[in-house]
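*Asks:* what follows is a predicted structure for the sequence shown.
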Amino acid sequence: MQERLWTRDFIIVFIFNFFIMLAMFLLMVTISGYAIDEFGISTSDAGLAAGIFIVGSLIGRIVTGHQLSLMGARKIMYIGTIMFIVTYGLYFFAGNFWMLLIVRFFNGFANGVATTAVGTIAALALPAKRRGEGIGYFSLSFVMATAIGPYLAFTLLEYVDYQMLFLLVFIVVLIASIFTIFIKTDNETIDLTKEPKPKFQFVDRDALPAATTILIVCLAHSTIFSFIALYADEQGLSAAAGYFFLVNAIVMLVTRPFTGRLMDRKGANIIVYPALAVLFAAYLVLGNAQSGWMLLLAGGLIGLGYGNFQSIIQALCIKLAEPKNVGLATSTFFICLDFGL
């Protein structure tokens, strides 16, 4: 009889991760427009307002990885959640552009802390023999937020102003935070009364080789986020571009649970190498797209290649690490992913 995947704690962290990712994307795609309208800045400065969030998130992950083995993932999740609530509340008081940058940085820092802890708890809440499948399911919380967040943000702005959007995001984060009270899963922590405090580590050496591959793949993948709209416009495919990420997300939603199950049974290589081959083909199709169906085919292939490569490498990083370093391995994966992007 198979051990259960969808335990209470796993369901809670899935829901929590979806909502905090949704909040992130609701502002990620709209904060540049807000900064231009509110403070009259240039588009390049507005881009900094969006991008500095990722810098804060990266630093948050670097700090968190080492602390997971000392404080425990659940305690760090609570700290990150409180920081999340506070920083989302500070958007109402960012009266100038520099204040907005500071708020965005610390908002990103809170995101890095909270999501690293939540990712660790999700991995630990899964049975070891089904961890690949479980990580595949858990990563869907991010995929769903990616698909829903940008669309919802632009739809909401047709009916409300930015201040109301900030309020709605704050409420989303507040509601999501309530779920964390009921989480019981935690990682092993070091007993400092019995062994010396370990040296500071921001990456897990066992997980780093696998994590480095996601960094390299994300260097390429980041061009999709940055330039797909401009590229589609140049090719006269703007109408199809609106469905690019939807097709991408649907393919990931459909395939990730199956590829995760296959990894648990056959190992990571049976997914990793075909995923890279599919991703290679996807970029060839994208670079030669002359029609809407070719653009959408590329979106589907990228979802199949990148989407499954990402979740399998995350599961592999956790599998390669020692049990006491699951949190650090999770942090290592996300550091490389953020750094690549």
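*Replies:* Arrived safely.

*Asks:* buried ones in the worst-scoring helix or strand of the chain on mean pLDDT, by neighbour count?
*Replies:* Within the chain, no helix or strand scores below helix 238-241, which has a mean of 78 by mean pLDDT, DSSP states H and E. Residues 240, 241 are the ones in helix 238-241 that count as buried (16 or more other Cβ atoms under 10 Å). To be clear about C-beta, it is placed using only N, CA and C from the backbone, and glycine gets the same treatment.

*Asks:* all strands for the protein, in order.
*Replies:* Applying DSSP state E to the chain gives no strands.

*Asks:* point out where it drops to low pLDDT.
*Replies:* Counting by pLDDT under 70, the ranges of the chain that qualify are 1-2, 187-198, 200, 225-226.

*Asks:* from the centroid of it, which residue is nearest?
*Replies:* Using Cα atoms, centre = their mean, the residue of the chain that lies closest to the mean C-alpha position is residue 142, 5.7 Å off.

*Asks:* nearest spatial neighbour of it, chain-adjacent residues omitted?
*Replies:* Of all residues not flanking residue 142 in the chain, residue 21 sits nearest, at 5.3 Å (Cβ to Cβ, 6 or more residues apart in numbering).

*Asks:* residue contacts, the one you found?
*Replies:* When contacts are counted by Cβ atoms under 8 Å, 6 or more residues apart in numbering, residue 21 touches 115, 141, 142, 145, 146, 149.

*Asks:* quick one: it from residue 143, how far?
*Replies:* Distance check for residue 21 against residue 143: by Cβ to Cβ, to the nearest Å, it reads 9 Å.

*Asks:* repeat for residue 50
*Replies:* To residue 143, residue 50 is 20 Å away according to Cβ to Cβ.

*Asks:* give me the phi and psi for residue 235.
*Replies:* When quoted as degrees, to the nearest 10, the phi and psi of residue 235 stand at phi -90, psi 0.

*Asks:* could you give the number of residues near it?
*Replies:* The tally of other residues near residue 235 (other Cβ atoms under 10 Å) stands at 17.

*Asks:* tell me the contacts of it?
*Replies:* By Cβ under 8 Å, 6+ apart, the residues touching residue 235 are 289, 290, 295.

*Asks:* how about TSV for the residues you listed, with neighbour count added?
*Replies:* Shown next, in TSV, are the contacts of residue 235 (neighbours: other Cβ atoms under 10 Å):
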residue	neighbour count
289	20
290	10
295	24
